[in-house]
Every structure is written in structure tokens, then in C-alpha cells.
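Participant: Sequence and predicted model, in that order:
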Amino acid sequence: MSNGYRTLSQHLNDLKKENFSLKLRIYFLEERIQQKYEESSEDVYRTNIELKVEVESLKQELQEKQQLLDKALRTAESLTNHNEAELQRRCRERQQEIDHMEQVLETKIQLLQEEAQLARSEAERMASLAGSQSHTSLLSLDAPMEDIPEDERPPSLLSPFNTNKDRLIEELTKELCSKEALVTELSGERTTLTLRVGELEGQVQELSSALLQKDKDVDFYQEELGQERLRIEQEMQSVTNVTVLPSISPVQSSEQGLVNWAGGSNSHPGDNHSVALPNHP
């Protein structure tokens, strides 16, 4: 019993010494912290304010950049849509012009070919009729008048009739030549229009290529803007996550750290750790 009491008393004295040593260390640490706080508290608050101002400034700058990027993207999309619609309209107009020219040309050539064929048929018919009449006249000249039946005898105006036929044949021949010349001219015009159609088709191809290139450019710039927007959003997130120095007393923070560090002592949550220099028991 006596040995146990002595052991417990010795252990209690050891704890008191350790407690005194810890309190002494806390006292000197508090003194140093208080001195450092008095010297640097103004710098801490100034730094805190400067950081807050810098963070707000960066936020505002990033928001302005974001707005500019959004505006640029909307403008690019608007211009692209306008240019694409304009190119498509011009392509449609060129194609309609090509179709119309081809249709008109084919119709003209077909009508002239039909007219030329009719004129040729009429000339051949008149030539055949004139030949038949000439043959009849020659037979009437070789035979005596009394041997020719009355219904086959040539009238006295046979010569003027033949003259009219010859003139008609000549006119039809001239008209046929004129039609053929017109067909030849239209064939040349067709060749010219075919070349023009080729040029228009080339323009349509160029417009289509330009439209395709515009689409590629739009995709490229949209991707660039998207990457820039993502970068700005990441920067804004980084700025938002900046930790500003808290406006608390460094003495309080240090006291809490010392209490945690000296947790092995017989202190309780209600104890006052800001102590004066203790007396040795």
C-alpha cells in the first residue's frame, strides 16, 4: 500500500512537472506570436484586401472575355448562315439559267428542223408536179393535135403555168436554203450556248467548293472558340477557388494549434490556455 502510494505520488509529481513545462512553453510561444502578430497584422490585412481585389478583377476580366467570345461566335454563325444562303441562292439561279437556256435552244432547233423538213417536202412535191406537167407538154408537142384527146390537150396558157411553177420552185428552194442557213446559224448558237453552259457549270462548281470551304472554316473557328471558352471557364474556376487569407487573429489560431499539440496534458475544453507565468509548485 505504501509502495503504491509512493508510486502514484511520484507519477503525480512527474505529471505536474510536465504540465508546468508545457504551460511555460505555451507562455513563451504566446509571447512570440503576439509580438509577430503586432508586427505583421497590418501586412496580413493589406495582403488579404489586395488578394480580394485581384480576384474580383480577374473575375471581371474573364467575364468580359467570355462575353466577347460569345459575341464573336454569334457574329461568325450569323455571317456563315448569310454567306451559305447567298451561295446556295446563286447556285440555284445559275442552274435555273442553264436549264432555261438549254430548253429554249432545243425548242428553237426542233421548230426550225420541222420547218426545214416541210419546206423540203413542199419543194420536192412542186418539182415532181412541174416535171409531170413538162412531160405532158413535151408529149403534146410531138403528137398531132387531132390525135390528143381534148381532156389531155394542153391549154394555151401552158407556158405561163410552167413559168409560175418554176418561179414557185425557185422561191421554195431559196426558202429551203434560208431555213438550212438558219439551222446552221442556230447550230453555231447552240455551240456557243453549250460553252456558256459549261462556264456556268464551272461557276456552280466553284460556288459549291467555296461553300464547302466556308463550312470547313466555320467548323474550325467554332472548335477554336469552343476551346477558348473552355480555357476561360477553367481560368474562372481556378480564380474562384483561390483561398483568400481569413481575417482571424493569429493568436487564436496558434492557441488552438498549441492546445492540439499539447493534448497529452491534463487540460480540459474549458481551461484557459492563455496563462501567466506559473509558479513552481
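Facilitator: On my side now, so go ahead. These numbers come from a predicted model, not from an experiment.

Participant: Tell me, please, the helix or strand in this structure that averages the lowest pLDDT.
Facilitator: Lowest by mean pLDDT, DSSP states H and E among the helices and strands of the chain is helix 250-261, with a mean of 44.

Participant: For Lys179, give me the pLDDT.
Facilitator: On pLDDT, Lys179 comes in at 74.

Participant: element containing it?
Facilitator: helix 158-240 (DSSP states H and E).

Participant: which sections of the stretch 101-250 of the chain are below the confidence cut-off?
Facilitator: For the stretch 101-250 of the chain, the stretches with pLDDT under 70 are 123, 126-127, 129-165, 221, 232, 235-236, 238-250.

Participant: What is the neighbour count of Glu93?
Facilitator: Per other CB atoms under 10 Å, the neighbour tally for Glu93 reads 12. The way it works is simple: take the backbone N, C-alpha and C, and place the C-beta from them, glycine included.

Participant: for the nearest residue to Ile109 once chain neighbours are set aside, what are its contacts?
Facilitator: Distances taken as CB to CB, 6 or more residues apart in numbering put Leu186 closest to Ile109, at 5.5 Å, once the chain neighbours are dropped. Neighbouring residues of Leu186 by CB atoms under 8 Å, 6 or more residues apart in numbering: Leu105, Lys108, Ile109, Leu112.

Participant: which helices and strands sit right next to the helix or strand encompassing Glu124?
Facilitator: Secondary structure assigned from DSSP H and E places Glu124 in helix 2-142. On a contact count with 3 or more CB pairs under 8 Å, 6 or more residues apart in numbering; DSSP states H and E, helix 2-142 meets helix 158-240, helix 250-261.

Participant: Can I get those helices in TSV including distance to Val53?
Facilitator: TSV is the format used below for the helices and strands packed on helix 2-142 (distance: least, CB to CB, whole Å):
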stretch	distance to Val53
helix 158-240	12
helix 250-261	22
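
Participant: The ones you listed: which one's closest to Ile33?
Facilitator: Closest to Ile33 of the helices and strands packed on helix 2-142 is helix 250-261 (CB to CB; 4.5 Å).

Participant: Roughly how far does Asp14 sit from Phe28?
Facilitator: Distance of Asp14 to Phe28, given as CB to CB, to the nearest Å: 22 Å.

Participant: Also Glu93?
Facilitator: The gap separating Glu93 from Phe28 is 93 Å, by CB to CB.

Participant: Over to Ala116?
Facilitator: Ala116 sits 126 Å away from Phe28, going by CB to CB.

Participant: higher neighbour count, those two?
Facilitator: Ala116 (19 against 11).

Participant: Identify the residues contacting the more buried one.
Facilitator: Applying CB under 8 Å, 6+ apart, the residues near Ala116 are Leu176, Lys179, Glu180, Val183.

Participant: hmm, try it at 6 Å
Facilitator: Neighbouring residues of Ala116 by CB atoms under 6 Å, 6 or more residues apart in numbering: Lys179, Glu180, Val183.

Participant: Next, count neighbours for the first one.
Facilitator: Spelled out, that is Lys179. 19.

Participant: Tell me how far it lies from Arg120.
Facilitator: Counting by CB to CB, the gap from Lys179 to Arg120 is 8 Å.
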